[in-house]
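>>> when you get a sec, could you give me coordinates for this:
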Amino acid sequence: MFHVLAAGMLCVGVAAAGEHPLHGVDLAHSIMASTSAGALVAKVVHVELNARDQGHFMYRDWRQSPEGTKTKEMIETSDGGAALLVAVDEQPLTPKQRAAEVAGLRTLLGHPEVQKRRQKEQEQDDERVRKMFRELPQAFLYQYESAAASPEGAVIKMTFSPNPAYEPPARETYVYRAMNGTLEVSVPDYRLVSMEGKLFREVIFGWGLLGHLDKGGHFFVRQSKIGPHRWETTYMNIQFTGKMLLFKTINLREVEKLSDFQPVPDGLTLAQGIERLEETVN
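Sure, this is the predicted structure:
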């Protein structure tokens, strides 16, 4: 894997090191002309995995599932994140419900072990995502499609399809053998702007004994630049169905939107963050 990433970094570095620096769509076209699509993806993956996004924010999280919608006010602090439910099925909470949510949030201050457990679970989820993301350069074959201007700068769009030589190292990456789609990357930031993938055939795990994912399952993820040194996932749409362990039905249908980002002090404590959340419902 590392030799692929190194090759991508070298190729893109050479493309961007001319005597007459280019900008915007001109830069995008220059990269497309001098760097393979696969090498560019390797560069983007390297940057994403090593990014040290800066700044803490308060924002709104809207999530839709088969059970309905929930809206939360979220805040990042030096002690981890905190969330306060403010609406269910597009209806604001009643005063009694708000009081119960605030009381539940305050219990975090008296039980730091709960916050630590949540942080650990989030770190584990993040690591699983990183493992899957790390496989993108090897898992697919890429082709350039277009370049255009966007709020995130110049964006290069490309298509991808399974690499027949790819051997998935883990069960989570088996889906890459049956997936194609598109992705967009921003230059010169070399960050992922969006990725859309679709299963063009059924994916079977463990000869069908462990389960399967149905053909047609798809996802779409978008990242946005929310600050000078900060990118964040702002939209996600995941739609997969199937079965697990013969009997349990998989019905993963979720849409999530993050919006209304407001910077908060980096040294904000959990107690101070909770106070700010409480202010949003008072």
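>>> pLDDT score assigned to the residue lying closest to residue 79 once chain neighbours are set aside?
Leaving aside its sequence neighbours, residue 79 sits nearest to residue 270 (Cβ to Cβ, 6 or more residues apart in numbering; 3.9 Å). The way it works is simple: take the backbone N, C-alpha and C, and place the C-beta from them, glycine included. pLDDT, residue 270: 89.
>>> so residue 270 sits against residue 77, correct?
Yes: proximity of residue 270 to residue 77 meets the contact threshold set by Cβ atoms under 8 Å, at 5.0 Å.
>>> on that earlier part again, so what's the backbone phi/psi at the residue nearest to residue 79?
The phi/psi pair for residue 270 (degrees, to the nearest 10) reads phi -60, psi -40.
>>> show me the contacts for it.
Counting by Cβ atoms under 8 Å, 6 or more residues apart in numbering, residue 270 touches 77, 78, 79, 80, 82, 108, 109, 115.
>>> rerun that using 10 Å as the cut-off
The contact partners of residue 270, taken as Cβ atoms under 10 Å, 6 or more residues apart in numbering, are 75, 77, 78, 79, 80, 81, 82, 105, 108, 109, 112, 115.
>>> how near is it to residue 161?
When distance is defined by Cβ to Cβ, to the nearest Å, residue 270 is 45 Å away from residue 161.
>>> elements contacting the longest helix along the chain?
Secondary structure of the chain per DSSP state H: the longest helix is helix 112-134. Secondary structure elements in contact with helix 112-134, counted by 3 or more Cβ pairs under 10 Å, 6 or more residues apart in numbering; DSSP states H and E, are helix 37-50, strand 80-88, helix 95-110.
>>> of all those, which one comes closest to residue 154?
Taking Cβ to Cβ, helix 37-50 is the member of these nearest to residue 154, at 12.4 Å.
>>> pLDDT below threshold where in the protein?
The chain contains residues with pLDDT under 70 at 1-22, 206-210, 245-247.
>>> state whether residue 167 is indeed within a helix.
No: going by DSSP: H, G, I helix; E, B strand; the rest coil, the assignment for residue 167 is coil, not a helix.
>>> and it, how many neighbours does it have?
Per other Cβ atoms under 10 Å, the neighbour tally for residue 167 reads 9.
>>> which residue sits closest to the most centrally placed residue in the chain in space, ignoring its chain neighbours?
The structure's the chain has its C-alpha centroid closest to residue 233; by Cα atoms, centre = their mean the separation is 4.8 Å. Leaving aside its chain neighbours, residue 233 sits nearest to residue 223 (5.5 Å; criterion: Cβ to Cβ, 6+ apart).
>>> repeat for residue 155
Among residues not flanking residue 155 along the chain, residue 184 sits closest, at 4.9 Å (Cβ to Cβ, 6+ apart).
>>> who's in contact with residue 32?
Contacts for residue 32 were tallied using Cβ under 10 Å, 6+ apart; they are 15, 40, 144, 145, 146, 147, 156, 158, 187.
>>> which among the residues you listed end up buried?
15, 40, 144, 147, 156, 158, 187 (16 or more other Cβ atoms under 10 Å).
>>> nearest to residue 174 among the residues you listed?
Using Cβ to Cβ, the shortest approach to residue 174 within these belongs to residue 158, at 22.8 Å.
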